[in-house]
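S.K.: 3D model of this:
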Amino acid sequence: MSKLNSIIHSDPNIHSGDPVFVGTRVPVRTLLDYIEGGDSLDVFLDNFPSVTREQAVTFL
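M.R.: I've put the predicted structure just below:
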């Protein structure tokens, strides 16, 4: 769980407290939406370059 805490955080001043990837304003829900929609991880990372591959893979 501590590894997850190092890549995701929640701040009431960012997206109303929705969990986002550390160092970004990208909600983790966005990654799940891409995957659920059939897009690959690479498509998500291309569209959100501020999220690192390590962050996304660790979260998944």
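
S.K.: can you pull the buried residues of the top helix by length along the chain?
M.R.: In the chain, assigned by DSSP state H, the helix with the most residues is helix 28-36. Residues of helix 28-36 classed as buried: 28, 30-31, 34 (neighbour count, 16 or more other C-beta atoms under 10 Å). For every residue, glycine as well, the C-beta is placed using N, CA and C.

S.K.: Show me what the host helix or strand of residue 56 is packed up against.
M.R.: In the assignment (DSSP states H and E), residue 56 maps to helix 53-59. On a contact count with 3 or more C-beta pairs under 8 Å, 6 or more residues apart in numbering; DSSP states H and E, helix 53-59 meets helix 2-5, strand 20-21, helix 28-36, helix 41-47.

S.K.: what does the third one contact?
M.R.: Judged by C-beta atoms under 8 Å, 6 or more residues apart in numbering, the contacts made with helix 28-36 from elsewhere in the structure are 8, 18-21, 41, 43-44, 47-48, 51, 56, 59-60.

S.K.: any chance of the residues you listed in a markdown table, with neighbour count and pLDDT too?
M.R.: Listed next are these as a markdown table, based on neighbours: other C-beta atoms under 10 Å; pLDDT from 0 to 100:
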| residue | neighbour count | pLDDT |
| --- | --- | --- |
| 8 | 16 | 94 |
| 18 | 14 | 94 |
| 19 | 16 | 96 |
| 20 | 21 | 97 |
| 21 | 22 | 97 |
| 41 | 14 | 98 |
| 43 | 13 | 98 |
| 44 | 20 | 98 |
| 47 | 12 | 98 |
| 48 | 19 | 98 |
| 51 | 22 | 98 |
| 56 | 21 | 97 |
| 59 | 16 | 94 |
| 60 | 10 | 92 |
